[in-house]
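> could you work out the structure for the sequence below:
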Amino acid sequence: MKKNEYDFSVPTRQSYIAIVMILFKTVNVVVRQIFPAILVILVGGSKNKGQYIIWALVVGSVISMMYSIINFFRTHFIIQNNEIILHTGVFTRKKISVPFERIQTINFEQNILHQFFSVLRIKLDTAGSEKNEFEFHAIEADKAYALRELIMAEKQNIVSKTKESNTLIEAASDATGPYQMIMSISPTQLLKVGLTENHIKSGGLILLFFFWIYQNLQEVGVDVDEYSDEIPEWEVGFYVVLALVTFFLVVSVLISLVRTLISHYDLKLLRSATGFKIESGLFTKKEVSALDHKIQHISWSDNLLKRWMGFKDLALNQASSNEVNAKSNIKIPGCSVQHIRQVTETLFGQKDFENNITLQSIDKRYFLRFAVMTFLLLSLVCTGLIIAGQYDKIIVAVLLYLYFCGTRYMNYKKLQFGTNDDMIYIRGGVFGDKAEVMPMFKIQSVEMHQSPYQTRNQLASITLYTASGKLRIPYIHQNTCIELMDLLLYKSESDKRKWM
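Numbers count the residues shown, from 1 in each chain. So this is what the prediction gives:
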């Protein structure tokens, strides 16, 4: 596509399809807000009260929709002097200017409406901002790609003119291709990924849903407890409990499968000369860039089911502000060991850290102190239960103690760390395995922690702060901690490569 096909030096609005997006979003919000009022009418029988609530929500939503539509016609952007400038606002006009050199990545999204009208949602991520600096709800697909090509081409020219190092010149590219396919997920593989996801999290969503209904009914004046008295009593036996548990597990697994299918359908991990690109999504197709210079550290993990099926989850942790840090980290499920080695070799020039780094274990008092402290807590709890005469609950407290001590012991046995000339490697996990690896020059700061107990026993914990989060190594010998701090600070301060 020719870069001059579109003239961005004149004011440019979003596609008029953005108005459809506004209407769709408003209807979606209204339906979600009206749902509790409908429950009031159906459960509480308070028809008048429910109607008042519905009308209030509808009027408020219509006002918000009208404001958004007016703002659409008063919003445009323009490109001047290597800056993208946004003019927006209804009652108060606002002008936002972002120089090209601050733009890190330009990502696209397409939900079903976007795909039907051949438009894209475009997000511009800038260094140091607390959120996406620009987000356009709907721009014609060809125009969006032309805008990205123009910005990234000019950005590279700017960096080239400053005569910086080759690393900076490469970092100016948005990984626009050509691409090499690293991996893709087939429907069968995606099904396996869904079956091995965290079903406890999915079960928690079920509980939160019912709690949300309960809270909303209480807030609008429906006494749920009063209606619960009308539910006929029934005997809770072994088979009833078994049926409820089975139902809960089946629904949790189904939720995990649906969430995985929607988020990771047709997932592709692609590689260009300067970074990665991830494409995925069923109803909303996302295209996210992860540039090499922005990736601070990577991690991969599994659980018992994932290990049995032979794959892991890979995470590319990118530099961002704390507020959007979680959204900037990219999770790639269903990776084999070969895929992970290909990524680490591309990023760091190394692929097998287990055999190339001498690993050190943490001190055994990491487990022993926890076991003693929780035993004292267990003793207090059991004493209280005995005084209260609730002897049947003591076995539950003991089982919980054994579970927490068991998981702590497994975590202690797996926690190890090591370094080579360039990298720090940390491994751990409980039921599964987890590994984190990071170039030492990307460490922002290092902090040593010592509790009174650790001080008496010449132990310490160390925390490594990066632009993508923090890593922690607990309960190592004090001298080892000081040596590791000196090494990390020397590597980060003496290395001339840019961490961003």
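
> can we go C-alpha only for contacts and neighbour counts from here?
Noted.

> if residue 449 is in a bridge, with which residues?
residue 461 (DSSP bridges).

> that one contacts residue 460, correct?
Yes - in this structure, residue 449 is within contact of residue 460 by Cα atoms under 8 Å, at 5.7 Å.

> more neighbours, those two?
Higher neighbour count among residue 449 and residue 460: residue 460, with 23 against 15, using other Cα atoms under 10 Å.

> list the contacts for the residue nearest to residue 113 when sequence neighbours are not counted?
Excluding its sequence neighbours, the residue lying closest to residue 113 (Cα to Cα, 6 or more residues apart in numbering) is residue 21, at 7.8 Å. Listed by Cα atoms under 8 Å, 6 or more residues apart in numbering, the contact set of residue 21 reads 113, 137, 138.

> name the helix or strand for residue 21, please.
Assigned by DSSP states H and E, residue 21 belongs to helix 17-39.

> do residue 138 as well
Residue 138 belongs to strand 134-140, assigned by DSSP H and E.

> in that strand, what's buried?
By neighbour count on 16 or more other Cα atoms under 10 Å, the buried set for strand 134-140 is 134, 136, 137, 138, 139, 140.

> restricting to C-alpha, output stretch 402-414 in CSV.
Below are the C-alpha coordinates for stretch 402-414, written out as CSV (Å, rounded to 0.1, in the frame of the first residue of the first chain):
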residue,chain,number,x,y,z
LEU,A,402,-1.2,-30.1,56.3
TYR,A,403,-2.2,-28.7,52.9
PHE,A,404,-0.5,-25.3,53.4
CYS,A,405,2.6,-26.9,54.8
GLY,A,406,2.7,-29.4,51.9
THR,A,407,2.4,-26.7,49.3
ARG,A,408,5.0,-24.6,51.1
TYR,A,409,7.4,-27.5,51.1
MET,A,410,6.9,-28.2,47.4
ASN,A,411,7.5,-24.5,46.7
TYR,A,412,10.7,-24.6,48.9
LYS,A,413,12.1,-27.6,47.0
LYS,A,414,11.5,-26.0,43.6
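
> next, the buried residues of it.
405, 408, 409, 410, 411, 412, 413, 414.

> those in strands, which ones?
Using DSSP state E, the subset of those located in strands is empty.

> which residues sit against stretch 480-496?
Identification of contacts with stretch 480-496 by Cα under 8 Å, 6+ apart yields 422, 440, 441, 442, 443, 444, 445, 446, 448, 460, 461, 462.

> send the alpha carbons of that stretch over as PDB?
In PDB, the C-alpha atoms belonging to stretch 480-496 read as follows (Å, rounded to 0.1, in the frame of the first residue of the first chain):
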ATOM      1  CA  THR A 480      25.100 -14.500  48.800                       C
ATOM      2  CA  CYS A 481      22.400 -11.800  48.700                       C
ATOM      3  CA  ILE A 482      25.000  -9.000  48.900                       C
ATOM      4  CA  GLU A 483      27.100 -10.600  46.200                       C
ATOM      5  CA  LEU A 484      24.100 -11.000  43.900                       C
ATOM      6  CA  MET A 485      23.100  -7.300  44.500                       C
ATOM      7  CA  ASP A 486      26.600  -6.100  43.600                       C
ATOM      8  CA  LEU A 487      26.600  -8.200  40.400                       C
ATOM      9  CA  LEU A 488      23.100  -7.100  39.300                       C
ATOM     10  CA  LEU A 489      23.800  -3.400  40.000                       C
ATOM     11  CA  TYR A 490      27.200  -3.600  38.200                       C
ATOM     12  CA  LYS A 491      25.600  -5.300  35.100                       C
ATOM     13  CA  SER A 492      22.700  -2.800  35.000                       C
ATOM     14  CA  GLU A 493      24.900   0.300  35.400                       C
ATOM     15  CA  SER A 494      27.800  -0.700  33.200                       C
ATOM     16  CA  ASP A 495      25.800  -2.000  30.300                       C
ATOM     17  CA  LYS A 496      25.300   0.700  27.600                       C
END
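
> buried residues in it, which are they?
481, 484, 485, 488, 489, 491, 492.

> most widely separated two among these?
481 and 492 (16.4 Å; Cα to Cα).

> now for whichever strand or helix holds residue 402, which elements pack on it?
Using DSSP H and E, residue 402 falls within helix 394-414. In terms of contacts (3 or more Cα pairs under 8 Å, 6 or more residues apart in numbering; DSSP states H and E), helix 394-414 is packed against helix 365-388, strand 423-428.

> please consider this matter closed, and thank you.
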